[in-house]
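# Based on what follows, work out the 3D shape:
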Amino acid sequence: QVQLVESGGGLVQAGGSLRLSCAASGRTFSSYAMGWFRQAPGKEREFVAVINWSGSSTYYVDSLKGRFTISRDNAKKTVYLQMNSLKPEDTAVYYCATGGWNNLRGVRPDYWGQGTQVTVSS
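This next block holds a predicted model:
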């Protein structure tokens, strides 16, 4: 069974930064792509970013390019999401997930984490 545990969420003022972490266990972390997603109140869960197994390739939703950066440390079995210049509309529960590259982009991962709340105040 795969376990994904997110951390690093919290309350931040607009313009601030947060770094989310997602620690994985249960299968060979370095063999799979990892992704970040978010779900705002009353909205569907949406794709944010994906990184391939080695970290050599990344892909972002267009609206977040330049502000968010996904990275991974296979030795620590952890994936990160650096979020800069945060806006109130970034407020959401952020989830990490694992699976195939295309499935992650299609919001069809193999496994989800439990999520971490990010709240951006104006």
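
# Following the helix or strand of the chain with the lowest mean pLDDT in sequence, what is the next regular element?
For the chain, the helix or strand with the lowest mean confidence is helix 101-105, at a mean of 93 (criterion: mean pLDDT, DSSP states H and E). For helix 101-105, the following helix or strand on the C-terminal side (DSSP states H and E) is strand 111-112.

# Identify the residues contacting that next one?
Contacts with strand 111-112, where a contact means Cβ atoms under 8 Å, 6 or more residues apart in numbering, come from Val2, Leu4, Tyr95, Cys96, Ala97, Thr98, Gly99. To be clear about C-beta, it is placed using only N, CA and C from the backbone, and glycine gets the same treatment.

# Could you point out the bridge partners of the last one in the sheet?
I take that to be Gly99. For Gly99, the beta-bridge partners are Ala33 (DSSP bridges).

# Local confidence estimate at it?
Model confidence at Gly99, given as pLDDT, is 93.

# Find the centremost residue of this structure, please.
When the chain is reduced to its mean C-alpha position, the nearest residue by Cα atoms, centre = their mean turns out to be Trp36, at 2.3 Å.

# Name the residues that touch the least confident helix or strand of the chain?
Defining contact as Cβ under 8 Å, 6+ apart, one finds that helix 101-105 is touched by Ala33, Met34, Gly35, Phe47, Val50, Asn52, Tyr59, Ala97, Thr98, Pro109, Asp110.

# Look at the first one and say how many residues are nearby.
To tie it back to what came earlier, the one meant is Ala33. Counted with other Cβ atoms under 10 Å, the neighbours of Ala33 add up to 25.

# contacting residues for it?
Ala33 sits in contact with Val50, Ile51, Asn52, Trp53, Thr98, Gly99, Gly100, Trp101, Leu104, where contact means Cβ under 8 Å, 6+ apart.

# what lines up beside whichever helix or strand the first one is part of in the sheet?
Following DSSP H and E, the helix or strand that holds Val50 is strand 46-51. With DSSP bridges as the criterion, the sheet partners recorded for strand 46-51 are strand 33-39 (antiparallel), strand 58-60 (antiparallel).
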